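# I need the structure of the sequence given here:
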Amino acid sequence: MKRTLAIASSVAMVVLAGCSSQIDRKTASGSYEYLKTKEVKLLEVPSELETPTFSRDFEVPALGPKADPSLVGKSLAVRSPALVLPLVTGSHVEEGKNSATIWFDQVDDSQPLSQAIWNSLLSFLDEQGIGVDRFSPEEKVLVTDWIVIKKEIEGPWYSFTDEESEIGERFEFKLDVKPHGRSAALTVDLKDYMQTINGDVVSEVSAIEERREEVEVLNQVIGHYEYQIQLAETRRIARIRQGIQTEMGFNDDGDAAYIVEAQYDVAWPRMLLVLRKLGFDVKDLDKSNGLLFVTYNGDQGSWWNGLFSSDDKLLKKGEYRLKVARAGADRTSVTFMNNESVPFEANQVSDLYSAFVEVMSEDNLDI
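Numbers count the residues shown, from 1 in each chain. Predicted structure coming up:
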């Protein structure tokens, strides 16, 4: 019996001595006696004596104008700061900014930057089951509905139960687009906050916790945006490797050309694979203008070398150019030209058609 009482007393003492709240686990442990320390006055030196040189190596800097003087002792959280993670290609953060803001630069011309950001944000909210209270692309603002998160807060090691917490938040997203439209900043503000812990309601949050909540949701949006980009790139690469249907036709200038059933961003890299397979060396290229500068050297390694080794010499060794251009939303024209940018005649384009189509329709070309 005495042993049982001793064990029970020990457990009770541990619980009483070690009781700590969630706030305790976010602050520094140990004594806070240093808060009682008073500032020592500078040594007063009589005017008739020479003042010695004092070291300033351990001088405490003065508080800045925006510093909160109440953040001392247990009121000061010791957790690592919340940082915005610029994971998306072309994104960056501005140093010294207290707001949860990230800048995006235009890297994909398939759609306006602002539209891409809004679409990604709406996709993220839909995926997470978060409603939209107000959305105005004209005002460049989106306000979410209440986001309710229920979770168990892990208690101390000696506790047999966890605290139940329910957090409700509403966020406001603002988009600041530069006049040229190729740079935009997405900012998140915590609009409303309410937390319930075991029946106790807390509607106020510190500035540090507010920024932490804003940065956390912004990083989730950024991560979703980056995932969408990677997914689109994976699909694009798979599309490039797939065979593409091609037919004879004309470009916008009326010249004989091949019409490829693919978007420009797919047809352009696909052409590099096709030309290599056909025995061409690409010397230079200009994607913005759709120009490819190539050399056909008639190597024996070219699988279609026999086609051009006839007496007619359909394609002699030498320098050539190709013009790749958009021919609609999902079609691309490819025009063969000589080194002076003169398009091939229709009969020459027709003679080369079978070889070009065979490679263009081939699956799993190496990238």
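# what's the single longest helix in this structure?
As assigned by DSSP state H, the longest helix anywhere in the chain is helix 207-241.
# And for stretch 214-230, what's in contact with it?
82-89, 91, 99-100, 102, 108, 117, 120-121, 123-124, 127-128, 169, 171, 173, 186, 188-190 (Cβ atoms under 8 Å, 6 or more residues apart in numbering). The way it works is simple: take the backbone N, C-alpha and C, and place the C-beta from them, glycine included.
# Which positions within the longest helix of the chain qualify as buried?
208-209, 211-215, 217-219, 221-222, 224-226, 228-229, 239-241 (16 or more other Cβ atoms under 10 Å).
# what do you get for stretch 333-348?
Ser333, Val334, Thr335, Phe336, Met337, Pro343, Phe344.
# Tell me the span between the first and last residue of it.
Stretch 333-348 stretches 16 Å from its first residue to its last (Cα to Cα, to the nearest Å).
# Can you get me a residue count around the nearest residue to Phe356 once chain neighbours are set aside?
Excluding the flanking residues, the one nearest Phe356 by Cβ to Cβ, 6 or more residues apart in numbering is Tyr258, at 6.0 Å. Neighbour count of Tyr258, defined by other Cβ atoms under 10 Å: 24.
# Now list the buried members of the contacts of stretch 214-230.
Buried members of these, scored by 16+ other Cβ under 10 Å, are 82, 84, 86, 88, 91, 100, 102, 117, 120-121, 124, 169, 171, 173, 186, 188-190.
# Please flag which of those sit within strands.
Ser91, Ala100, Ile102, Glu169, Phe171, Phe173, Leu186, Val188, Asp189, Leu190 (DSSP state E).
# May I have the beta-bridge partners of the third one?
With DSSP bridges as the criterion, Ile102 is bridged to Leu186.
# quick one: contacts for it?
Val84, Pro86, Ser91, His92, Val93, Ala185, Leu186, Leu218, Ile222.
# which two in those are spaced the farthest apart?
Across the contacts of Ile102, no pair lies farther apart than His92 and Leu218, at 13.7 Å, counting by Cβ to Cβ.
# where do the helices sit along the stretch 1-150 of the chain?
2-18, 113-127 (DSSP state H, counting those that start in this stretch).
# Surely the residue nearest to Phe356 is in a helix?
No: if the criterion is DSSP: H, G, I helix; E, B strand; the rest coil, then Tyr258 is strand and not within a helix.
# separation between it and Thr51?
According to Cβ to Cβ, to the nearest Å, Tyr258 and Thr51 sit 88 Å apart.
# who's in contact with stretch 44-52?
Under Cβ under 8 Å, 6+ apart, the answer for stretch 44-52 is Leu43.
# ok, and for it, which residues are buried?
For stretch 44-52, using 16+ other Cβ under 10 Å, no residue counts as buried.
# how distant is that stretch from the center of its chain?
The chain centre lies 61 Å from the centre of stretch 44-52; the measure is Cα atoms, centre = their mean, to the nearest Å.
# and that stretch, C-alpha only, in PDB?
C-alpha atoms of stretch 44-52 as PDB (Å, rounded to 0.1, in the frame of the first residue of the first chain):
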ATOM      1  CA  GLU A  44      30.900  59.000 -15.300                       C
ATOM      2  CA  VAL A  45      34.400  60.400 -15.900                       C
ATOM      3  CA  PRO A  46      35.400  63.800 -14.300                       C
ATOM      4  CA  SER A  47      36.000  66.500 -16.800                       C
ATOM      5  CA  GLU A  48      39.600  66.900 -15.800                       C
ATOM      6  CA  LEU A  49      40.300  63.200 -16.600                       C
ATOM      7  CA  GLU A  50      40.600  61.600 -20.000                       C
ATOM      8  CA  THR A  51      37.700  59.300 -21.000                       C
ATOM      9  CA  PRO A  52      38.800  55.800 -21.700                       C
END
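# Averaged pLDDT, it. What do you get?
The average pLDDT for stretch 44-52 rounds to 86.
# How is the chain partitioned into domains?
Annotated domains of the chain cover 77-238, 242-360 [automatic domain parsing].
# Could you dump these into a markdown table with distance to Leu35 added?
Formatted as a markdown table, the domains of the chain follow (distance: least, Cβ to Cβ, whole Å):
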| stretch | distance to Leu35 |
| --- | --- |
| domain 77-238 | 15 |
| domain 242-360 | 62 |
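# Just send the ones you listed back as JSON lines, with distance to Pro46 and mean pLDDT too.
Output for the domains of the chain, formatted as JSON lines (distance: least, Cβ to Cβ, whole Å; pLDDT from 0 to 100):
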{"stretch": "domain 77-238", "distance to Pro46": "44", "mean pLDDT": "88"}
{"stretch": "domain 242-360", "distance to Pro46": "78", "mean pLDDT": "87"}
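# Residues contacting stretch 123-141, please?
114, 118, 122, 142-147, 170, 172-177, 220-221, 224-225, 228.
# which of those are buried?
114, 118, 142-144, 147, 170, 172-175, 177, 221, 224-225, 228.
# Now the two most distant members of these.
By the measure Cβ to Cβ, these have their two most distant members at Ile147 and Val177, which lie 25.6 Å apart.
# Run through the residues that contact the spatially most central residue of the chain.
Centroid-nearest residue in the chain, with Cα atoms, centre = their mean: Val88, separated by 2.2 Å. For Val88, the contacting residues are Phe104, Ile222, Tyr225, Glu226, Ile229, by Cβ under 8 Å, 6+ apart.
# Go through the residues you listed and name the one nearest Lys323.
For those, the nearest to Lys323 is Ile229 (29.1 Å; Cβ to Cβ).
# Tabulate the contacts of Ile102 in a markdown table, adding columns for distance to Asp284.
Converted to a markdown table, the contacts of Ile102 look like this (distance: Cβ to Cβ, whole Å):
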| residue | distance to Asp284 |
| --- | --- |
| Val84 | 40 |
| Pro86 | 33 |
| Ser91 | 31 |
| His92 | 31 |
| Val93 | 37 |
| Ala185 | 37 |
| Leu186 | 38 |
| Leu218 | 42 |
| Ile222 | 36 |
